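Q: okay, sequence plus prediction incoming.
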Amino acid sequence: MLLPVLLLTVASAAPVMTAPKPAPKSKGVDAIALPLLSFNSDFGVGYGLVGGMYLYGEGHTPYQHGLGAQVFFTSRGVQNHYLRYDGPQLLGPLRVEARFEYKRELRSPFYGAGNRSAPDFKGDVDDPRYNYDKGSPGAWLRLRGRPFGEDHPFQFYGGYSWRYTRVSPYEASMLEQQRPLGIEGGSTGQLLMGVLWDTRDNEPDPTTGGVEELAVRLSGHITGSRYQYAGLTLSERRYFRLSSRLVFAQRLSLDMLFGQVPFFEWSTTGGVNFTEGVGGMSSVRGVERNRFAGNIKVFSNSELRFHALDLRILGQPMKLGAAAFVDIGRVWHPGVVDGKWHEWHPGVGAGLRVARRAAVIRVDYALSTETGGQRLYMNFGHMF
């Protein structure tokens, strides 16, 4: 199986990296542990271990309690370790999710702010002028619900996240020279709220329907944050079945930050799924991770997904497919020159898809007009 070695390719970028969920049962315990091996142009070679345990009980589907843990390292100095809990009906109709994690990046990217940041950058992502050392332990708790029934498209969620970010600039780096707000590091506590309208026919591998999402995050002294700011995220995802084997998928995302925003939040977005950008495997493929960052981020992702054939690998039914994609994005930031409205950052490419039930593995090769030129991503799950 490919899954054990590719499962955690995006461990440092995605929030829900776990072993495949087991089939519904009424009692007992299931446990699984898998080795991890991956490659990504932004993170390098990754390796580690992920495990999950599922406890079943009468009246609880797909399980009563889910526990997960991960240890993950990469050759570019990234660490992503976590403990996760999932209680689908812990509070009646409310799903309870929690996560404790530690992230470390010896080469966390910083190119400055705005849509024309670091004009002297030549494509060397290991250049210490465009990196800094970051450590960030954190945790979040989230409640999700469907007040009108499991089959109704309306969902809501609310929760709280807290993170302590340690910032260590390298000598003569852009971060040390510019010293933006957040250079001191510190805690960021956030209240999280959001609503979704989800009409997808299949959440992990959709072919029709879509998801509209509105999310808000609030950070201030009362939430345990050193910085006071707010964020608003609007996202639209649509899926069109063009034929029995061809699907067109489209995502549009807008994220806006207001107030005293620390620099390490410029590249983050809100919503039920974590996204970075602009640049990288979750926003604009082909552009270096977080190459362009600012208070306002917009990006579009268009994919043509082709289901080529069905096959069996080691006795397991699998779907083999391919995709062609076009990504584009840009940012705006106060106090800097962001260029004309039509100055966007594109990425184009193609990739392979292997799917078994809810598990989707993707391998993408992307080209960009930016300095980096080309990048490779091996990932678990569709980009959107």
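A: Here it is on my side, so go on.
Q: any idea how far residue 212 is from residue 248?
A: 18 Å (Cβ to Cβ, to the nearest Å). The way it works is simple: take the backbone N, C-alpha and C, and place the C-beta from them, glycine included.
Q: leaving out chain neighbours, which residue sits closest to residue 103?
A: residue 136 (4.9 Å; Cβ to Cβ, 6 or more residues apart in numbering).
Q: show the contacting residues for that neighbour.
A: 102, 103, 104, 163, 164, 165, 166 (Cβ atoms under 8 Å, 6 or more residues apart in numbering).
Q: from those, list the buried ones, please.
A: 103, 104, 163, 165 (16 or more other Cβ atoms under 10 Å).
Q: returning to what we had before: list the strands paired with the host helix or strand of the residue nearest to residue 103, with their directions.
A: Using DSSP states H and E, residue 136 falls within strand 131-145. Strand 131-145 has its sheet partners listed here by DSSP bridges as strand 94-109 (antiparallel), strand 154-169 (antiparallel).
Q: before we move on, what SS does residue 340 have?
A: coil (DSSP: H, G, I helix; E, B strand; the rest coil).
Q: how many other residues sit next to it?
A: When neighbours are counted by other Cβ atoms under 10 Å, residue 340 registers 7.
Q: tell me, how many residues neighbour the residue lying closest to residue 231 once chain neighbours are set aside?
A: Leaving aside its sequence neighbours, residue 231 sits nearest to residue 217 (Cβ to Cβ, 6+ apart; 4.4 Å). Neighbours of residue 217 under the rule other Cβ under 10 Å: 25.
Q: pLDDT wise, what is residue 217 at?
A: With respect to pLDDT, residue 217 has a value of 98.
Q: just the element for it, please.
A: strand 209-219.
Q: using CSV, write out every CA atom in that strand.
A: C-alpha atoms of strand 209-219 as CSV (Å, rounded to 0.1, in the frame of the first residue of the first chain):
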residue,chain,number,x,y,z
GLY,A,209,-22.1,20.1,-4.9
GLY,A,210,-19.9,22.5,-2.9
VAL,A,211,-19.1,24.2,0.4
GLU,A,212,-19.6,27.8,1.3
GLU,A,213,-17.9,29.0,4.5
LEU,A,214,-17.8,32.1,6.6
ALA,A,215,-15.3,32.1,9.5
VAL,A,216,-14.2,34.7,12.1
ARG,A,217,-11.3,34.7,14.6
LEU,A,218,-10.8,37.2,17.4
SER,A,219,-7.6,37.7,19.4
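Q: for beta bridges, what are the partners of residue 70?
A: Beta-bridge partners for residue 70, by DSSP bridges, are residue 50, residue 82.
Q: how about the helices in the stretch 1-150 of the chain?
A: Under the criterion DSSP state H, counting those that start in this stretch, the stretch 1-150 of the chain contains helices at 3-6.
Q: in the sheet, who's paired with the residue lying closest to residue 361 once chain neighbours are set aside?
A: Of all residues not flanking residue 361 in the chain, residue 354 sits nearest, at 4.5 Å (Cβ to Cβ, 6+ apart). Note on residue 354: beta-bridge partners residue 320, residue 361, judged by DSSP bridges.
Q: please report phi then psi for residue 175.
A: Phi and psi for residue 175, reported as degrees, to the nearest 10, are phi -60, psi -40.
Q: also residue 174?
A: phi -60, psi -40.
Q: how far away is it from residue 132?
A: 9 Å.
Q: between those two, what contacts are shared?
A: Both residue 174 and residue 132 are in contact with residue 110, where contact means Cβ under 8 Å, 6+ apart.
Q: low-confidence regions, the stretch 1-150 of the chain specifically.
A: In the predicted model, the stretch 1-150 of the chain carries pLDDT under 70 at residues 1-26.
Q: my read: residue 135 touches residue 104, true?
A: Yes: counting by Cβ atoms under 8 Å, residue 135 touches residue 104, with 4.9 Å between them.
Q: next, count neighbours for the nearest residue to residue 114 once chain neighbours are set aside.
A: Among residues not flanking residue 114 along the chain, residue 336 sits closest, at 3.7 Å (Cβ to Cβ, 6+ apart). For residue 336, the neighbour count with other Cβ under 10 Å is 15.
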